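In: Sequence and predicted model, in that order:
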Amino acid sequence: GESVGLHLPTLSVQEGDNSIINCAYSNSASDYFIWYKQESGKGPQFIIDIRSNMDKRQGQRVTVLLNKTVKHLSLQIAATQPGDSAVYFCADPPFNAGGTSYGKLTFGQGTILTVHP
Amino acid sequence: DSGVTQTPKHLITATGQRVTLRCSPRSGDLSVYWYQQSLDQGLQFLIQYYNGEERAKGNILERFSAQQFPDLHSELNLSSLELGDSALYFCASSRQVNTEAFFGQGTRLTVV
């Protein structure tokens, strides 16, 4: 995978609002994306993933949208709660090519989500 | 608990010294990744191993090296430490290379 980047470094929302975190990627061959949440002092935690044969995937209170045309994905968090406050990263795992997998799971810079009660 | 274990949790050492960070991946995971995260920085990819073999390298300094052993645990060796090496070092593991990676809680290295 190649580099991924985030549009906004910080996002502040009120509790109960919906949050949208965006991410752009550069490698048009990327076929798999992961969103991670990192709370202060902890390791990144897997939230949700999506493969390129899908445009949308839903989890519990989270939805990831993938727009391959513009190489953009977003993470939507419904009814944001104070416990959602964290840094959110999108990641671009390597793709398989002829049975050989390439390493270098790269992360964007991260978006800091702050939820105000 | 992600199932990835990193030791030690905290490490304080002096400049010029050498340290070894250890990572035990989740049971069955073949791929191990190492990352460095400095204060207010993102996750910088260092190196990746798959089933004992190095598969990818990021911006890893020559003073740093790693390996993955036959039992799949991995070690990251940091030598000639400098103040700027102070950071959180994370290990992650995944079943295969293009499946979700799970992170350990990190080793906080402080170089004084």
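Out: Sure, I can see it.
In: going forward, measure contacts and count neighbours with C-alpha atoms only.
Out: OK.
In: Low-confidence ranges, the chain, go.
Out: In the absence of a named chain, chain A is used. Scanning chain A for pLDDT under 70 picks out A:1-8, A:94-104.
In: wrong one, I was asking about chain B
Out: In chain B, residues with pLDDT under 70: B:40-41, B:97-98.
In: what's the closest non-adjacent residue to the residue nearest the centre of it?
Out: Nearest to the geometric centre of chain B sits residue B:34, at 3.4 Å (Cα atoms, centre = their mean). Nearest residue to residue B:34 in three dimensions, chain neighbours excluded: residue B:91, at 4.6 Å (Cα to Cα, 6 or more residues apart in numbering or on different chains).
In: residues in contact with the one you found?
Out: Going by Cα atoms under 8 Å, 6 or more residues apart in numbering or on different chains, residue B:91 touches B:4, B:6, B:23, B:32, B:33, B:34, B:35, B:103, B:104, B:106.
In: for the residues you listed, which one is nearest residue A:55?
Out: When the contacts of residue B:91 are compared for distance to residue A:55 (Cα to Cα), residue B:103 wins out at 26.3 Å.
In: What distance do you get for that closest one to chain A?
Out: Residue B:103 sits 6 Å away from chain A, taking Cα to the nearest Cα, to the nearest Å as the criterion.
In: Show me what that residue is bridged to.
Out: residue B:92 (DSSP bridges).
In: what's the distance between residue B:62 and chain A?
Out: Separation of residue B:62 from chain A (Cα to the nearest Cα): 18 Å.
In: Could you pull up phi and psi at that residue?
Out: Per-residue torsions, residue B:62: phi -70, psi -20 (degrees, to the nearest 10).
In: before we move on, the earlier item: which among the contacts of residue B:91 count as buried?
Out: By neighbour count, with 16 or more other Cα atoms under 10 Å in any protein chain shown, the contacts of residue B:91 hold B:4, B:6, B:23, B:32, B:33, B:34, B:35, B:103, B:104, B:106 as buried.
In: list the contacts for the first one?
Out: Read it as residue B:4. B:23, B:24, B:25, B:26, B:91, B:92, B:93, B:102, B:103, B:104, B:105.
In: Of those residues, which is the nearest to chain A?
Out: Of all the contacts of residue B:4, residue B:105 has the smallest distance to chain A: 4.6 Å, by Cα to the nearest Cα.
In: all helices for chain A, in order.
Out: Taking DSSP state H, chain A contains no helices at all.
In: about what we covered before: just put the contacts of residue B:4 in TSV and tack on distance to residue B:67.
Out: Putting those into TSV (distance: Cα to Cα, whole Å) gives the following:
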residue	distance to residue B:67
B:23	10
B:24	12
B:25	13
B:26	17
B:91	12
B:92	14
B:93	14
B:102	19
B:103	18
B:104	17
B:105	20
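In: I'm done for today, thanks for sticking with me.
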